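In: Predicted model follows, preceded by the sequence.
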Amino acid sequence: MVLKKGIVFLLLLSIAFIGSTVYRPYIYNNNIPDLHFADFLPNLFSVPVTYAFYSFVYSILKKNINDKIKTIKKITFGMVFYEFLQLFTGGFDVYDLGATFIGAGIVYFAVITPNKQQI
């Protein structure tokens, strides 16, 4: 289980990293309209990557995340708080906020929904 969670974390982190360091500069340098996807890609993955890391660390410690919904909410709040801090530096973007909530929704449906289907 530790290996599986580690692979998920590294995969999500790699996608976010490649999106920020390869995809985004390519889109910007070639003036390709991508509906702001290059702009908000890192925020789209912020909650999934953080939750995957949290889950991976917990599995290494041989613990379970007791309240997954609360954990997702805390991570989402932290990302939103960070985005609002960027109001002072000029990095604030409404698309980033939306992407953060979409990423949180993806985590919610990936983590919580499968557990509700069990009888």
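Out: Sure thing, it's come through. Residues are numbered from 1 along each chain as shown.

In: where do the helices sit along this structure?
Out: 2-18, 24-29, 37-60, 68-85, 94-111, 113-116 (DSSP state H).

In: I'd like to know which elements the first one is packed against.
Out: So that's helix 2-18. Here helix 2-18 touches helix 37-60, going by 3 or more C-beta pairs under 8 Å, 6 or more residues apart in numbering; DSSP states H and E. C-beta here means a position set from N, CA and C on the backbone, and glycine is covered the same way.

In: buried sites along the helix it packs on?
Out: Within helix 37-60, the residues that qualify as buried by neighbour count (16 or more other C-beta atoms under 10 Å) are 37-56, 58-59.

In: same question, stretch 78-90
Out: Neighbour count says stretch 78-90 has Met79, Val80, Glu83 buried, by 16+ other C-beta under 10 Å.

In: List the residues that contact the first one.
Out: Right, Met79. Residues in contact with Met79 (C-beta atoms under 8 Å, 6 or more residues apart in numbering) are Asn43, Ser46, Val47, Thr50, Thr100.

In: Try it again at 10 Å.
Out: By C-beta atoms under 10 Å, 6 or more residues apart in numbering, the contact list for Met79 reads Asn43, Ser46, Val47, Thr50, Asp96, Leu97, Ala99, Thr100, Phe101, Gly103, Ala104.

In: so how far is Ile15 from the nearest residue to Gly6 once chain neighbours are set aside?
Out: Setting aside the residues directly before and after it, Gly6 is nearest to Phe56 in space (C-beta to C-beta, 6 or more residues apart in numbering), at 5.3 Å. Going from Phe56 to Ile15 by C-beta to C-beta, to the nearest Å gives 16 Å.

In: All set now, cheers.
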